[in-house]
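# sharing a model prediction with you, sequence too.
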Amino acid sequence: MQIEETVLDQIRSRPRFKIITEIRREEYTAFLKGFLTEKSHEFSGNINNETAVITVKNNQNEYWKPNLSLRTETDEENKTVIRGVFGPSSAVWTFFMFLYFVFSILWMVFITVWFVEKQIKSNDFPWSLTLSFVMLSAMIVTYVASRIGQKKAGNEMQKLRQFAEESIKNFEQ
């Protein structure tokens with residue numbers, strides 16, 4: 001088993017890792033179902049042939065309750081590549097992406113209005129530069145909120161990571 005992770009993978013909104021193993025995809029999927037059943041007191045999830053979504057069971061329902069999405073692929077050397085992506089529920093992830101999209105579009109509109117105003121030597125929109133900075137600030141606040149959620153869910157993310165690694169280690173032995 002070989003685990004790959006880069007610095008960029010840790011600073012993303014959705015941290016990632018990659019595990020390369022000799023186990024065939026079908027065998028890993030079958031074993032993962034059994035392993036999840038064995039650990040059902042602590043984890044829950046949904047597993048099919050290509051993907052699995054695993055969560056940690058707990059009493060709290062934070063906005064960044066992490067999911068671990070595992071996707072299995074076969075590479076050119078006939079080794080199985082298991083790609084793990086941590087993230088919140090799909091509803092929370094969609095909400096954050098919507099905020100990023102809205103704030104970035106509004107930032108582009110306001111900075112363009114300010115730039116055109118300066119090019120034509122007008123003073124009709126003095127608020128445009130201020131609002132562009134407000135939109136940048138809103139994007140930064142959104143990013144910080146996602147990082148705070150990630151930090152709060154750090155222990156659960158570590159449990160999910162250990163779950164993925166243990167599922168392979170137990171099978172390879």
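The structure has been received and is ready for your questions.
# where do the helices of this protein begin and end?
Ranges of helices within the chain are 7-11, 25-38, 90-119, 128-152, 154-172, based on DSSP state H.
# now for the longest one, which elements pack on it?
Going back to what we said before, that points to helix 90-119. If you count contacts as 3 or more Cβ pairs under 8 Å, 6 or more residues apart in numbering; DSSP states H and E, helix 90-119 packs onto helix 128-152. Bear in mind the C-beta positions are built from the backbone N, C-alpha and C, glycine included.
# buried residues in the helix it packs on, which are they?
Ser128, Leu129, Leu131, Ser132, Met135, Leu136, Ala138, Met139, Thr142, Ser146, Gly149, Gln150 (16 or more other Cβ atoms under 10 Å).
# check the fourth one and give its pLDDT.
Translated: Ser132. For Ser132, the pLDDT comes out at 97.
# find the centremost residue of this structure, please.
Nearest to the geometric centre of the chain sits Arg14, at 2.3 Å (Cα atoms, centre = their mean).
# ok, that one - contacts?
By Cβ atoms under 8 Å, 6 or more residues apart in numbering, the contact set of Arg14 is Val85, Phe86, Gly87, Trp93.
# wait, isn't the third one in contact with Phe96?
Translated: Gly87. No - in this structure Gly87 lies outside contact range of Phe96 using Cβ atoms under 8 Å: 9.6 Å.
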